[in-house]
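K.L.:
From the sequence below, what's the structure:
(chains A and B)
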Protein chains: 2
Amino acid sequence: MAFELSPRLASGGLEIARRRGCRVLLKNEANFPWFILVPEVEEGIEDLHQLDEQTFHEVTLLIREISEFVSAYFKPEKLNVACIGNMVRQMHIHVVGRFTNDPAWPGVVWAFDGKLRYDEVRAEEIVAAAKGYLEKL
Amino acid sequence: MAFELSPRLASGGLEIARRRGCRVLLKNEANFPWFILVPEVEEGIEDLHQLDEQTFHEVTLLIREISEFVSAYFKPEKLNVACIGNMVRQMHIHVVGRFTNDPAWPGVVWAFDGKLRYDEVRAEEIVAAAKGYLEKL
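P.N.:
Numbers count the residues shown, from 1 in each chain, chains lettered A, B, ... in the order given. Okay, here's the model as predicted:
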């Protein structure tokens, strides 16, 4: 069965790449540099440990690559990496750069209610930077 | 320099094992089956991607093992796995079993204010079960 991105993830994100068996998205939330990795796996595989060994390994390598990009490009104070999925059950991993002056600091972004959309130019700039970074690896 | 567990992590957790270069703790929070993995790395290594490749690989394998234990032993609805560390900066990874009737569902445990300590017998039971599981791998 063909993989389909959940409508909630698709509508809130901008597609950056397909890499290591995952979709890489930029979440349209300008308060934080917030990336989402969605492994293209069957429905029902919702937790990381349910991935087969090879897929698990690829997904963790992608987490590392995206973390490196976020760190190099945005120079955040801290990265927050998480696989939660209590509400959107399609497995997805958050990689978020955090700053001491961001509106949720030091709390977690998943408990933050604000919403700020990117202007198109800035979003395209970030998507292009992430694409370029991944292509050079 | 010898590794020292941060006082905040040490005081809130029960030690289960040392494995794959990490301390494995049970958080003393009976509302959720909540495990914490603390890689024994230098101060200043705070984000997963800063780990060298081999350590990163070991830590991700341990995340998988602990997730498998939590899944098998507690049979939660969902696992939540995260490396956050905005407040306690010593790198630590949360592996938390979540239930639809737990007091924070579907929100995240890091935004939940309650606190419920284990009774000693139950805590020892969980620690023994986790130890036994890891020893058999």
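
K.L.:
The residue nearest the centre of chain A: which element?
P.N.:
Among the residues of chain A, the one closest to the centroid is A:I36, at 1.7 Å (C-alpha atoms, centre = their mean). Assigned by DSSP states H and E, A:I36 belongs to strand A:34-39.

K.L.:
does any part of the following helix or strand past that strand sit near chain B?
P.N.:
Moving toward the C-terminus from strand A:34-39, the next helix or strand (DSSP H and E) is helix A:53-74. Yes: contact of helix A:53-74 with chain B (C-beta under 8 Å from any C-beta of the partner chain) involves A:56-57, A:60, A:63-64, A:67-68, A:71. Every C-beta, even on glycine, is put in place using the N, C-alpha and C of the backbone.

K.L.:
Now do whichever helix or strand comes after helix A:53-74 against helix A:53-74, angle only.
P.N.:
Using DSSP H and E, the helix or strand that follows helix A:53-74 in sequence is strand A:78-83. Strand A:78-83 runs at 150 degrees relative to helix A:53-74, counting by axes from the mean of the first three to the mean of the last three C-alpha atoms, to 10 degrees.

K.L.:
Can you pull the residues of chain A lying near chain B?
P.N.:
Proximity of chain A to chain B, by C-beta under 8 Å from any C-beta, involves residues A:46-49, A:56-57, A:60, A:63-64, A:67-68, A:71, A:78-87, A:89, A:98, A:105-108, A:110-111.

K.L.:
redo that, cut-off 7 Å
P.N.:
A:46-49, A:56, A:60, A:63-64, A:67-68, A:71, A:78-87, A:98, A:105-108, A:110-111 (C-beta under 7 Å from any C-beta of the partner chain).

K.L.:
circling back: quick one, grab the pLDDT at the residue nearest to the centre of chain A.
P.N.:
On pLDDT, A:I36 comes in at 98.

K.L.:
what do you get for the one 3 residues further on?
P.N.:
Among the per-residue scores, A:P39 shows a pLDDT of 98.

K.L.:
thinking again about what came up before, identify the bridge partners of the residue nearest to the centre of chain A.
P.N.:
Per DSSP bridges, the residues bridged to A:I36 are A:L25, A:H94.

K.L.:
ok, it to chain B distance?
P.N.:
According to C-beta to the nearest C-beta, to the nearest Å, A:I36 and chain B sit 14 Å apart.

K.L.:
before we move on, what about A:R20?
P.N.:
Taken as C-beta to the nearest C-beta, the span from A:R20 to chain B is 14 Å.

K.L.:
if we can go back for a sec, most neighbours among the residues of helix A:53-74 next to chain B, please name it.
P.N.:
Neighbour counts for these (other C-beta atoms under 10 Å in any protein chain shown) peak at A:I63, which has 26 neighbours.

K.L.:
before we move on, back to that, quick one: list the elements packing against the strand holding A:I36.
P.N.:
Applying 3 or more C-beta pairs under 7 Å, 6 or more residues apart in numbering or on different chains; DSSP states H and E, one finds that strand A:34-39 makes contact with strand A:22-27, helix A:53-74, strand A:93-98.

K.L.:
and among these, the most buried is which?
P.N.:
strand A:93-98 (a mean of 24; mean count of other C-beta atoms under 10 Å in any protein chain shown).

K.L.:
Could you give the separation of that one from the chain centroid?
P.N.:
6 Å (C-alpha atoms, centre = their mean, to the nearest Å).

K.L.:
That one - what's its average pLDDT?
P.N.:
For strand A:93-98, mean pLDDT rounds to 98.

K.L.:
List the buried residues of the helix or strand following that strand.
P.N.:
Per DSSP H and E, the first helix or strand lying C-terminal to strand A:93-98 is helix A:120-136. For helix A:120-136, a neighbour-count test (16 or more other C-beta atoms under 10 Å in any protein chain shown) marks A:126-127, A:129-131, A:133-134 as buried.

K.L.:
ok, those residues vs B:F32, which is closest?
P.N.:
A:A130 (33.8 Å; C-beta to C-beta).
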